[in-house]
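Participant: for reference, the sequence and a predicted model appear below.
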Amino acid sequence: ARLPRVVLLSSCVVDLCAADPQAAYQHAFVYIRQLAIHLRNAIQKTSDEAHRQVYSWQFVNCVRLWAQVLCAIGKPVDSPLRQLVYPLVQITLGTARLLPNIRYAPLRFQCVRTLNQLSAELGVFIPVAPLLLEACRFAQLSKPAKKEAKERPADWAVLIKVSKADSDKYRYQEGMLTQALFLLAEHLHGLAYD
């Protein structure tokens, strides 16, 4: 019930920003800066609380929202919002790499989806292939995975992390590699037509 509400509110914010791009730039600047501060704190403090601030749905949805705003309003090359693409990309890349662990691969994929959207809609190159190739080399993938008879496939659209026990399961690891390859193909497809 929350996801449709978040999607609706996001589209309302995008519409509000489109009504006044100058005000949108000021708000976007402040909130993207706040995202950067949270990420910097998580990198410097390396505490569980600092990581939880970044590895949360609130943070992910904020990144996604500002990416949607930039895609909707920042398409013209002379748009002031275009200046915020680079900081948002750096925040998203930093978030994806904060904890390079198989348990956080779903969050990495959430970030890659956002980066692919920015790249495709704004016509900018964003190097997401290394993020996906790193995911294919997580250490846990070199160990034999645990197969269980009644494993359900993961819903990658609504995951940002999994438990240690789930990360060792065959179905999760297979799904993770499938997601990585799908997102890599999506990225390369976008590059092929630029």
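Facilitator: It's in.
Participant: for the longest helix belonging to the chain, give me every contacting residue.
Facilitator: Scanning the chain for the helix with the most residues, using DSSP state H, yields helix 21-45. For helix 21-45, the external contacting residues (C-beta atoms under 8 Å, 6 or more residues apart in numbering) are 16-18, 50-51, 53-54, 59, 62-63, 66, 69-70, 73, 79-81, 84, 87-88, 90-91, 94-95, 98. (Glycine included, C-beta is placed from N, CA and C.)
Participant: let's see it at 6 Å
Facilitator: Residues from elsewhere that reach helix 21-45, judged by C-beta atoms under 6 Å, 6 or more residues apart in numbering: 17, 50-51, 53-54, 62, 66, 73, 80-81, 84, 87-88, 91, 94, 98.
Participant: after that helix, which helix or strand is next?
Facilitator: Where DSSP states H and E defines the elements, the next helix or strand beyond helix 21-45 is helix 48-54.
Participant: elements contacting the helix or strand that comes right after that following helix?
Facilitator: Downstream of helix 48-54, the next assigned helix or strand under DSSP H and E is helix 57-73. Applying 3 or more C-beta pairs under 6 Å, 6 or more residues apart in numbering; DSSP states H and E, one finds that helix 57-73 contacts helix 2-19, helix 21-45, helix 85-97, helix 105-122.
Participant: now Arg152: closest residue in space, sequence neighbours ignored.
Facilitator: Excluding its sequence neighbours, the residue lying closest to Arg152 (C-beta to C-beta, 6 or more residues apart in numbering) is Arg171, at 7.4 Å.
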